[in-house]
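Visitor: Sequence first, predicted model second:
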Amino acid sequence: MSAELEEPASPTKILFRNMTLADTPGVMAVERASYDFPWTEGIFRDCVRVGYVCRVVELAGQIAGYGIMTMGAGEAHLLNLCIRSDIRRRGVGRRILEQLLDHARKHGITDMFLEVRPFNPAAIRVYEAMGFERIGVRKAYYQAFAGREDALVYRLPL
Ligand SMILES: CC(C)(COP(=O)(O)OP(=O)(O)OC[C@H]1O[C@@H](n2cnc3c(N)ncnc32)[C@H](O)[C@@H]1OP(=O)(O)O)[C@@H](O)C(=O)NCCC(=O)NCCS
């Protein structure tokens with residue numbers, strides 16, 4: 001996917017583009033601030049190296065969010081979607097997700113899947129607003145402070 005420039009005349013311009021290895025420190029800053037159990041920088045580097053679809057949002061030269069998706073056997077899987085807290089509720093998460101969905105459609109993907117924690121209402125709202133439907137539960141999928149937490153599994157036919 002090529003870079004896409006938004007609001008080019010604005011000093012706070014938002015750029016949606018593909019993630020590079022050089023972005024991973026900035027990505028990690030957002031990741032650590034956003035999750036109790038963040039991914040490591042190595043995981044992000046691996047995602048870029050193996051060619052997963054990795055998009056970032058850049059705001060005033062800083063990483064302000066990202067989305068990561070895998071594709072294979074006609075299915076796409078959303079692995080991570082995260083927006084820096086100060087720019088949430090401005091439609092940025094939805095826009096990254098739309099870009100990933102467009103990319104998947106262009107590559108002949110028929111279904112997109114994702115997991116989400118049951119107590120993540122913001123993410124659940126975003127996904128349900130975009131038409132994802134809950135199809136099941138993966139038991140003890142996530143690390144949690146006390147043991148493990150289930151994941152809700154969502155699917156969107158493309
Ligand atoms: C989930 C997340 C990516 C959403 O990103 P965002 O840019 O704030 O989402 P958007 O502004 O695109 O929201 C789109 C719609 O989702 C819903 N929504 C988003 N956040 C919401 C919230 N906190 N409460 C209720 N609804 C919410 C709204 O319907 C919203 O549209 P509206 O603002 O026009 O009403 C963001 O909250 C985030 O990074 N959270 C921490 C990381 C995380 O939990 N990621 C998901 C892992 S599965």
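Guide: Here it is on my side, so go on. Residues are numbered from 1 along each chain as shown.

Visitor: ok, Phe113 - contacts?
Guide: 75-78, 153-155 (Cβ atoms under 8 Å, 6 or more residues apart in numbering). The C-beta positions use only the backbone N, C-alpha and C, and glycine is treated the same way.

Visitor: Confirm for me that Tyr35 is in contact with Cys82.
Guide: Yes - using Cβ atoms under 8 Å, Tyr35 makes contact with Cys82 at a distance of 7.5 Å.

Visitor: With adjacent residues omitted, what lies nearest to the residue in the chain positioned nearest to the ligand?
Guide: Minimum separation of the chain from the ligand (Cβ to the nearest ligand atom) falls at Gly93, amounting to 2.5 Å. Leaving out its chain neighbours, the residue that sits closest to Gly93 by Cβ to Cβ, 6 or more residues apart in numbering is Ile83, at 4.7 Å.

Visitor: what does Pro25 give?
Guide: Nearest non-adjacent residue to Pro25, counting by Cβ to Cβ, 6+ apart: Glu41, 7.2 Å away.

Visitor: quick one: pLDDT of that neighbour?
Guide: The model reports Glu41 with a pLDDT of 98.

Visitor: Ramachandran angles for it?
Guide: phi -60, psi -30 (degrees, to the nearest 10).

Visitor: give the contact list for it.
Guide: 24-25, 27-28.

Visitor: Please report how far it lies from Cys47.
Guide: For Glu41, the distance to Cys47 equals 11 Å [Cβ to Cβ, to the nearest Å].

Visitor: contacting residues around the residue nearest to Gly93?
Guide: Taking Cβ under 8 Å, 6+ apart, we find Ile83 in contact with 30, 57, 64-65, 92-93, 96.

Visitor: ok, it to Arg117 distance?
Guide: From Ile83 over to Arg117 (counting by Cβ to Cβ), the distance is 16 Å.

Visitor: who's Ala76 bridged to?
Guide: Going by DSSP bridges, Ala76 is paired in beta bridges with Met71, Met112.
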